[in-house]
Structure formats: structure tokens, C-alpha cells
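# Structure for this input, please:
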Amino acid sequence: MPGPRARNPAGAEGRRRVFYFNGGFLRQRRLRRIMALAGYDMRLGWPGADDLVAVWGHSPYAHRGEAAAARTGAGLIRLEDAWLRSVHPARQSGEPPLGLLIDADGAHYDASHPSDLERLLATHPLDDTALMNRSRAAIARLQEAHLSKYNAHDPALPCPDPGYVLVIDQTRDDAAVRLGGADANTFREMLYYAQEENPGARIVIKTHPETAQGCRAGYFRAENAGGRITFLPDPVSPWALLEGAIGVYTVSSQLGFEAIFAGHRPRVFGRPFYAGWGLTEDRHPLAMPRRGRTLSRAQIFAAAMILYPKWYDPFRDTLCEIEQVIDTLEAAARTWREDHRGWCAHGMRLWKRGALQQVFGRYRPVRFGRDEGDGRRHMVWAGKAEGAPEGAVRVEDGFLRSRGLGAQLVPPLSLVCDTRGIYYDPGQPSDLEDWIARRARMRPDQTRRAEALIAAICGQGTTKYNLGGTAPELPEGQLILVPGQVEDDASIRAGAGDICTNLALLRAARAAHPDAVILYKPHPDVEAGLRPGALGQRDTSDLADLVLPEADTAQLLAKVNGVWTMTSLLGFEALLRGLPVTTTGAPFYAGWGLTTDLGRVPARRSARPTLAGLVHAALIDYPRYHDPITGLPCPVEVIVGRLGSGPLPRRGASNRALSKLQGLFASRAALWR
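Residues are numbered from 1 along each chain as shown. Model (predicted):
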């Protein structure tokens, strides 16, 4: 995936002074930060002729800045939110934007004057193969993740039965309507032609999200419904809505722009930036032929979504590319879609509840154990599923968990939620199995992202717990690493099969490799005295050439020739590093053609993904990640960066004391799982 472009000026001498006369700019810290990163020094005061004045589009307060620029001869720039903004509209939630449109010529929706965007569309070659590939990949990602400007919509909500004509409403007196050459009569005209040109077809009027939330009025009212016309205020996915439409009618909505990428040729009754390039049917084209060029879908997307905006990464506090914005917005939207109804949690130990509240309680606090019949979803810790309500989502630690052990009460940075089963139980299907099967077919951009993730993980030595340590000098020969496991762990009980103890695993590895150097690595929880499963020297003396307590897993994997495991995640980590892996049980990564499987692997695992496909499913699609620095849901790449070198919060004194107490009662380990 492309990294951030170097668009920041080298120093203060390269910055332009920008003055503003709108109190909203003073309150919006994110806006000022994006401007600073883009090379603009936002300040209060009176501009000089060499300075700039910033206004918010054509808002009711823009006249103040316009007047100041006219009096002083300063340049004028207009700012707007970028096309992928946030989960909720700003008027509803106050969420900061993920990007800005900074235009020195005008506003993209003002048809009376060319904007920087229009000049890009009219003059930029837009013929670079890499740029076009990025454009197509980003379109596919937006469709797959159901992302739009605002994203408080639920892809699971039903759309009308396919076969309708979609008419798109907008907010009354919005600048995009007024300056796009439209008014209330234009919306009446649009509805008339939608019916006239589609005799007998159902007409669905899609309400604007801000209208549905009661923030701003729209152009269509209840009296417009009736007969074959229906309103749709429900927060359905715009991509699912476009998929079921046989025609799309718009004045100047962004949904009309998205309709182009859903395969439509929308009928446009205003003069939005996307009209006039051969991709729309324009009812009222511009009188002057400023837009005579014919563009492809990939070209108009590249100009409007890749080249024109200034995108922002809130985790790294830098300008970035659209790919990183999609990563960020996908994580945020997933959190809202899964959590906005609230959760009732079962089987959660006291020490886990704070972390669960942070991850799942962003929109409604998680309730533990009490179901008051208020429509909340149910979750249960996967190992405590007995007695949980039917259909409860199973929760477990993710595969890139923390810098420290869960048994030492270090909170997780990733968690998985499974609606079907859980990844370590091969006795039933899981959501992870479904993701792996789906990723047997990957787009090139998905493969590149997964391969970049593998490179980052291996390059910085990231593992599940990231405990550090050293790797001793190892003897020459064929080095086989055998990871120990916690013998009463749920993954052993559910997926180990006939070989279900560390001793039995060592015996099997030695029998298969009598002349190899067998390296035994005890499980970190067992090493720490927190869980049962330790082997004595008498047990290992004839089976393992070396026992490696406290050795760094990543360093060991860089030196060995192969791994034998029951169900350990270390086998997956070995696959990332290109090592041959033999499994005696049925871990989630077995059965897909990437491992040598000696255990009973479910026959349903018939897909044959590449390693990149397996990694995309297991580390990108399946888990949820929580950034402890910003407190936001985040993509996996942020967590890999945090685990590698970023700051992480320390455990509190109470957790440290509780983990020590836990060590005293390791024989009663079930209390702590």
C-alpha cells in the first residue's frame, strides 16, 4: 500500500499565513491541524496582501472573510469536508473530519466558477497506470466496506426489493443546491421526470442523513409519498441501495457521484462537479463548454478522491493517502455498526471488564450480566459460553494481543467477535473460517496490503505477546521448534485431538525427526508460573536437545528450520516467516494447504488461499483493534506500529498486584481465564 506522500513543507519558512474570521475554525482543532500539516499557518488578526484568508465554503459566515480578502488584496481559499468524513454528520456528533478540500479557485459545488477540482478534471493527464489501479482498488474497498461520506448506516438493514427508481433528496437551501443552479422547483422537476421516464416503476425517495436525524429539512415531504412513491429514511447502506436501483435521479448529491461507481449513469438536474464528463445524463448542462472532456470512472475518482483532498491520519498525526483513510474509517464504521445497539456481556472476569468497556462501550456502556430486554446484543467470553443466551457472540483475544501476558492482566489491543463459533474450535464453523474461504480470491490491492503487513510484522519481530528476551546460540543441524502450550487451554480441549499434552507433542516430534535438534519453548504463561503445563527436566531430557525458557519467539523463528505444534499460534507466526509447519491438532490455520496436517482437520476447509489470503482474513478482517493512545478503533497497521516501537500504557498497580496473587494460585488457573 502506498505510504504518505511528502506534502508537508520543509520548515516554517515554507508556510503560508492564513487568517480566518469564523469562530468555528477556532473551535475545530482537527481542521487547524490538517491545515498546518498542509503548509498553512492558521491565525487570527488582519491579513496583508501576501497572506491568505480562509472561509468555510459558501457558509453564512463566509462573507466576513470574503470582505477582508477584498479589502486587503489577500488571497481567498475555501475549505470543505472531504468526501469520506466520519461515522456521523458533524451537526449530529461533532466528530472531526478525516480530510479537507482546500480550494484556491472556488468551491467544487459552485458551477458559476471553475474550482481547483474542475481544473484537475479538465487538464490533468489522469493516465498513470498505478494511479488508475489505486483508483479502482479504492472504489472496490468502499463498496465492500459500505463506506460513504457519513457511515452510521447498517448494511444488514433491508433495502426495498430491487427494481425501483432511486430519487435522492438533499438538505434544503444547502450551498451545493443553490450554487449548483437548483432550487425547490428543480427537485419537483426531478421527481416528475423520474415518474414520467419510468412508467409503472416504484419510486424510492432517499432522505438525507441529516434530515432523517432531524438536523435539517429536506426538499421532499410526506405529501410527496403515495401511490408508487415511498420515502426511505432508514440508514441503509448507500451501496446496497444503489445495487437494487434501476435508475438514479439526483440534483447534486454525493450519492449521485457514488452511483457512477455502482455502475449507474445518473440523471443529474443540478450542476455538481461530477456532471459534464460523459458519465451522467445532464438535464441542465453548463452553458459554457468548460467540461467537454470524457473521463472514465477511475479517472474522475482519482482526481476527486486521491489528488484533490488533503487526507489525515489521526493515529500518526500526519497527512496520508486515501488508502489509510479507508483503513481508519472502516474500523470506525465497524465499531458503530456492531456496538450502537449496546452489549450485554456474560462470563467476563472482573479484570477484563475495563478493557471490554473501552472497546465495545463507545456508543452505549456495556452491561455485564443483566439483560433488561432493551434490544442489546449478547456477548460471552468464548471459554464460558455454556449458559449464555442463544446466539451470543463469542469474544476472545486477537492474534496481535499486547506487550505482555493476558495472564498477567495486561489488557488486549485486539479482540475477535465470532457469530458462529470461535476460531480455536474446529468442531463447528467460525466466522474466521468463512473469511479465510472468501480470501481464497484476492484483489491485487488486498494482496499488497497483506504482504506489507507480513513484512512489517516479521521486520520488527512482532508476536502475540511481544515479551522480548534473547535467543541463545543454537547448535548446527536441522532445528525443529516445538512450542509448549497451556494444557487445559480451550484451544487444546477443543482442537488438539489425540496429541493433547506437551510431552506427547515432544514424543511425536522426536519420533518423526530422530536426528534433528529439537528445541522446546515453554508457553509464556507456564514460564511465568501463571498456568499449568510445566515439564520437568526428566520429562524433556531424552526428547528435547534444548529447553528455551524466556527466549524471544521472533528471534527463534528466524533461526529454526521448522515448527511442530498442536494448536499454538506460534505455528501461524512461523507461516508468516516462511517456515514449514506441522500440526498435530486442528488450529485455525490448518487444513488450507499451507501446513502439514497430522490431526483431524474439518473437511469443510477446502479452499486454498495463499499465505496473504490467510493473513488478510486472520489479521485484517476478523479482529477488532483498539488504539490505547487515541482511544479510537483502529486498523491493524496502527497496532503493529504501537507494538513495535510506539508508547503503550502501563498496567496499573492493582493489576500488577492481582497478577502476582494469581501466580500464587496457578494450580487454580481456571479462576483467572
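
# separation between M42 and L76?
According to C-beta to C-beta, to the nearest Å, M42 stands 14 Å off from L76. All C-beta atoms are positioned from the backbone trio N, CA, C, and that covers glycine.

# for the record, mean pLDDT for stretch 441-454?
For stretch 441-454, the mean per-residue pLDDT is 98.

# Please apply the same query to stretch 295-311.
The model assigns stretch 295-311 a mean pLDDT of 98.

# Show me the strands in the stretch 151-300 of the chain, by range?
Applying DSSP state E, counting those that start in this stretch to the stretch 151-300 of the chain gives strands spanning 164-168, 203-206, 229-232, 245-250, 267-268, 281-282.

# In a markdown table: those strands, plus distance to G427 and mean pLDDT.
What follows is the strands of the stretch 151-300 of the chain, written out as a markdown table (distance: least, C-beta to C-beta, whole Å; pLDDT from 0 to 100):
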| stretch | distance to G427 | mean pLDDT |
| --- | --- | --- |
| strand 164-168 | 44 | 98 |
| strand 203-206 | 44 | 98 |
| strand 229-232 | 42 | 96 |
| strand 245-250 | 43 | 98 |
| strand 267-268 | 54 | 98 |
| strand 281-282 | 55 | 96 |
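
# Tell me which of these sits nearest to S93.
Nearest of the strands of the stretch 151-300 of the chain to S93, taken as C-beta to C-beta: strand 203-206 at 20.7 Å.

# Check which helices and strands that closest one sits against.
strand 164-168, helix 184-196, strand 229-232 (3 or more C-beta pairs under 8 Å, 6 or more residues apart in numbering; DSSP states H and E).

# Poorly predicted segments of the stretch 201-350 of the chain, please.
287-288 (pLDDT under 70).

# List the residues that contact the closest residue to H88 other than its chain neighbours.
Once flanking residues are discounted, H88 sits nearest to A152: 5.0 Å by C-beta to C-beta, 6 or more residues apart in numbering. Residues in contact with A152, defined by C-beta atoms under 8 Å, 6 or more residues apart in numbering, are 87-88, 209, 235, 336, 340.

# Just the buried positions in stretch 469-488, please.
471, 474, 479-487 (16 or more other C-beta atoms under 10 Å).

# out of those, what pair is the most spread apart?
Top of the distance list for the buried residues of stretch 469-488 (C-beta to C-beta): L474 and E487, 26.1 Å.

# tell me the domain boundaries of this protein?
The record's domain parsing of the chain by automatic domain parsing lists 148-291, 435-660.

# And the residue nearest to H88, how close does it get to T328?
According to C-beta to C-beta, A152 and T328 sit 16 Å apart.

# you'd agree Q28 is up against P96?
Yes. Using C-beta atoms under 8 Å, Q28 is in contact with P96, at 6.9 Å.

# of the two, who's got more company?
The neighbour count for Q28 versus P96, taken as other C-beta atoms under 10 Å, is higher for Q28 (20 against 17).

# in the helix or strand hosting T447, what counts as buried?
For T447, the host element (DSSP states H and E) is helix 444-460. Across helix 444-460, burial judged by 16+ other C-beta under 10 Å covers 445-451, 453-454, 457-458.

# export those to CSV and tack on distance to Q358?
Shown next, in CSV, are those (distance: C-beta to C-beta, whole Å):
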residue, distance to Q358
D445, 31
Q446, 29
T447, 33
R448, 31
R449, 26
A450, 27
E451, 31
L453, 24
I454, 28
I457, 24
C458, 29
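
# so what's the closest residue to D542 other than its chain neighbours up against?
Nearest residue to D542 in three dimensions, chain neighbours excluded: R510, at 8.0 Å (C-beta to C-beta, 6+ apart). Neighbouring residues of R510 by C-beta under 8 Å, 6+ apart: 518, 542-544.

# I'd like the average pLDDT over the helix or strand where R510 lies.
Assessed by DSSP H and E, R510 sits inside helix 502-512. For helix 502-512, the mean pLDDT works out to 96.

# Repeat that for stretch 563-581.
For stretch 563-581, mean pLDDT rounds to 98.

# and that stretch, how far apart are its ends?
Counting by C-alpha to C-alpha, to the nearest Å, you get 5 Å between the two ends of stretch 563-581.

# same question, stretch 571-588
End residues of stretch 571-588 are separated by 10 Å (C-alpha to C-alpha).

# from the chain's centre, how far out does it sit?
Offset of stretch 571-588 from its chain centre (C-alpha atoms, centre = their mean, to the nearest Å): 26 Å.

# now do stretch 120-127
Distance of stretch 120-127 from the chain centroid (C-alpha atoms, centre = their mean) equals 30 Å.

# What lies in contact with it?
For stretch 120-127, contacts defined as C-beta under 8 Å, 6+ apart pick out 114, 132, 273, 277, 290-291, 293, 295, 299-300, 302-304, 307-308.

# quick one on the thing from earlier: quick one: which two of the contacts of R510 are the most distant?
Pairwise distances across the contacts of R510 (C-beta to C-beta) peak at 10.2 Å, for the pair I518 and D542.

# about what we covered before: closest one to W381 among the helices and strands packed on strand 203-206?
Nearest of the helices and strands packed on strand 203-206 to W381, taken as C-beta to C-beta: strand 229-232 at 38.8 Å.
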